[in-house]
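Enquirer: Structure for this input, please:
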Amino acid sequence: MAGDQQQTFAERNDYRNPALAAAMKNLGYVNRFGRGITLIRRSLDSNGNPPAEYHVEDTYWSVVVRGVS
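Expert: Coordinates of the predicted model:
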């Protein structure tokens, strides 16, 4: 994924299955779309953890969360 897309990863909503995403929200598994990565960043910072490492590709993404050392 291009560098500019890496930088805007937290602000994008790109669901592979929008119907499934909507169902998860309706069932209460998701409280608000587009909030998770910001919440992760804030929580890790307040806990003293290093920032999460996001690996974003065209077909998948992953995240590495490291503990406080």
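Enquirer: could you point out which element follows the one helix or strand Leu20 maps to?
Expert: Assigned by DSSP states H and E, Leu20 falls within helix 18-26. Following helix 18-26 in sequence order, the next helix or strand is helix 36-47 (DSSP H and E).
Enquirer: Quickly run through the sheet partners of whatever helix or strand comes next after that following helix, with directions.
Expert: Note on helix 36-47: by DSSP H and E, the next helix or strand toward the C-terminus is strand 53-56. If you go by DSSP bridges, strand 53-56 pairs up with strand 61-64 (antiparallel).
Enquirer: Report the rounded mean pLDDT for the strand it pairs with.
Expert: Strand 61-64 shows a mean pLDDT of 86 in the predicted model.
Enquirer: quick one: contacts of that strand?
Expert: Contacts of strand 61-64 from elsewhere in the structure, counted by Cβ atoms under 8 Å, 6 or more residues apart in numbering, are Phe9, Ile40, Ala52, Glu53, Tyr54, His55. Every C-beta, even on glycine, is put in place using the N, C-alpha and C of the backbone.
Enquirer: Buried ones only from these, please, as a PyMOL command.
Expert: A single PyMOL command selects the buried members of those (16 or more other Cβ atoms under 10 Å):
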select buried, resi 40+54
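Enquirer: will you turn the contacts of strand 61-64 into a markdown table that also has distance to Pro18?
Expert: As requested, the contacts of strand 61-64 are exported to a markdown table (distance: Cβ to Cβ, whole Å):
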| residue | distance to Pro18 |
| --- | --- |
| Phe9 | 18 |
| Ile40 | 22 |
| Ala52 | 25 |
| Glu53 | 27 |
| Tyr54 | 22 |
| His55 | 24 |
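Enquirer: Lowest-confidence entry in the contacts of strand 61-64?
Expert: Going through the contacts of strand 61-64 one by one, the lowest pLDDT turns up at Phe9, 61.
Enquirer: in this protein, what secondary structure element scores lowest on mean pLDDT?
Expert: helix 3-7 (a mean of 58; mean pLDDT, DSSP states H and E).
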